[in-house]
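Peer 1: Need coordinates for the following:
(2 chains)
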Amino acid sequence: MQISTDKRKIDQILSRGVEDVIEKESLKAKLESGKQLRVKLGFDPTGPNIHIGRAIVLRKLRAFQDLGHKVIFIVGDFTAQIGDPSDKLEKRPMLTAKQVKENIKTYKEQVGKIIDLRKAEFRFNSKWLKKLKLAELMQLQESFTVGQMLARRNFKERFEKGQEISTREFSYPLMQGYDSVKVAADVELGGFDQLFNLTAGRTIQQHYKQKPQDVLTTQMLEGTDGRKMSTSWGNVINIVDNPNDMFGKIMSLKDELIEKYFLLCTNLRDGEIKEISRDNNPKDQKMRLAFEIVEIYHGKDEAGKAKKEFENIFSGGGKPEEIQEVKVSEEKMNLIDLLLMASLASSKSEARRLIEQGGVRINDEKRTDPKGNVEITSGMIVQVGPRRFAKIVRN
RNA sequence: GGGCAGAUGGCGGAGUGGUCAAUCGCAUCGCGCUGUAGACGCGACGGCUUUAUGCCUACGGGGGUUCGAAUCCCUCUCUGCCCA
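Peer 2: Model (predicted):
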């Protein structure tokens, strides 16, 4: 495989969406040398889905691959169980083997949406970490002191706040570093929150008489509401989200984040992004952004459809093309029960509240009587709020 | 091993014997407005019903005191800090 040393591409790799490079000169020289590099990236499958925040670094990995370098993707199936303390200001729970297995199911497929797996190494770190003997682990532990560990910001904060830190959490960076040794990485990528783990890899490689890897960290992407992107916050855009959801979530993005999303999540050139943000109001910028991102993961056709759907429902107040159908056998039903049956409310109290607050419509007609009965006709549309629909089908 | 502090709703965090289904903030949901599911404003936000000064469940688990406990006592579990 021919290695590209195109200066502009290298420059782009080292700058766009990049937070920090250690050591920049070294990495630049390596890239320009024309030698094939071993570029490592690892994800712990702590959840079943990869979101577009994590995709940033995957896309960066892809950029290395496009230059002809060897890409090594590591699934942290073992480390996921240990729990990476990096991004948490609280203790990270350990996952069970079963949970991890469940999460891994579609991982390869998701990663394959971004990098070319045929040319990549795809590895599981349980393969070597599981076999690690206690004596070996101790040797590994010898490479770090408690002081060094506590220098890390989130450990320090937790320590000072009097929150717990288990020594198990100290082992995490050691294992990640050991991965680097095992795959003999020249470069490791990661989100900026991974900085400590990544540089730990350098220390550990040297401990094992390898040359320390260079480290490239990418910028972190906030979730749609401006807070850290996190599944538990519900502000996450997953790369497997269906086109309509993905489009809609991007439209709900905080205005201040538009340009950042363009830079980190799309392939548009820097200049083009500047033009878009100069010439359009935030809504239209977001329409474009949403289109670009959906296109990356679902293709142009789907992106076009999602755009239309969005305009139809939200700009036009229409209904979606596909509405979930609910089968009903009664001729007449209490409105509350109908909402429950259609999963448009999770309890009777909630259903009642929705009705009283004027959020419920049947065939576009507002219903405000919580005790009211509804004549069931096949094909009738029950709507809650602006965007939740169900189609009733008699059987 | 000893001492001290703590465990409250999805999260943070008030509340120290009745007026507590529990102030407030975040998140969520509805309505209005609009540039959209953005921003802003208003409202709701445990469940159930006979919608009521109604019933049930809930303030880490169990037991007790009391007419009455998230609040007091005992005990268990978990966590933090300090001493050894």
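
Peer 1: surely A:Phe310 meets A:Asn244?
Peer 2: Yes. Assessed by C-beta atoms under 8 Å, A:Phe310 is found in contact with A:Asn244 at 7.3 Å. For every residue, glycine as well, the C-beta is placed using N, CA and C.

Peer 1: and the stretch 251-395 of chain A, which residues reach RNA strand B?
Peer 2: Contact residues, the stretch 251-395 of chain A versus RNA strand B (C-beta under 7 Å from any atom of the strand): A:251-255, A:281-283, A:286, A:310, A:314-315, A:336, A:346-350, A:352-354, A:357-359, A:370, A:384-388.

Peer 1: which ones among those residues are found in helices?
Peer 2: Using DSSP state H, A:251, A:282-283, A:286, A:310, A:336, A:348-350, A:352-354 are the members of those that sit in helices.

Peer 1: Poorly predicted segments of the stretch 251-395 of chain A, please.
Peer 2: Along the stretch 251-395 of chain A, segments meeting pLDDT under 70 span A:316-317.

Peer 1: returning to what we had before: let's have the ones in helices among the residues of the stretch 251-395 of chain A next to RNA strand B in JSON lines, adding neighbour count.
Peer 2: JSON lines is the format used below for those (neighbours: other C-beta atoms under 10 Å):
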{"residue": "A:Met251", "neighbour count": "16"}
{"residue": "A:Pro282", "neighbour count": "14"}
{"residue": "A:Lys283", "neighbour count": "11"}
{"residue": "A:Lys286", "neighbour count": "20"}
{"residue": "A:Phe310", "neighbour count": "21"}
{"residue": "A:Ile336", "neighbour count": "23"}
{"residue": "A:Lys348", "neighbour count": "14"}
{"residue": "A:Ser349", "neighbour count": "10"}
{"residue": "A:Glu350", "neighbour count": "15"}
{"residue": "A:Arg352", "neighbour count": "16"}
{"residue": "A:Arg353", "neighbour count": "13"}
{"residue": "A:Leu354", "neighbour count": "21"}
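
Peer 1: neighbours around the nearest residue to A:Ser329 once chain neighbours are set aside, how many?
Peer 2: Spatial nearest neighbour of A:Ser329, excluding adjacent residues (C-beta to C-beta, 6 or more residues apart in numbering): A:Asn395 at 5.7 Å. A:Asn395: 6 surrounding residues under other C-beta atoms under 10 Å.

Peer 1: go on, A:Trp128?
Peer 2: When neighbours are counted by other C-beta under 10 Å, A:Trp128 registers 16.

Peer 1: pretty sure it contacts A:Lys182?
Peer 2: Yes. With contact defined as C-beta under 8 Å, A:Trp128 reaches A:Lys182; the gap is 5.1 Å.

Peer 1: A:Leu189: what's it in contact with?
Peer 2: Applying C-beta atoms under 8 Å, 6 or more residues apart in numbering to A:Leu189 gives the contacts A:39-41, A:57, A:60-61, A:64, A:215-218.

Peer 1: closest point of the stretch 251-395 of chain A to RNA strand B, which residue?
Peer 2: Using C-beta to the nearest atom of the strand, the single residue of the stretch 251-395 of chain A nearest to RNA strand B is A:Gly385, 2.1 Å away.
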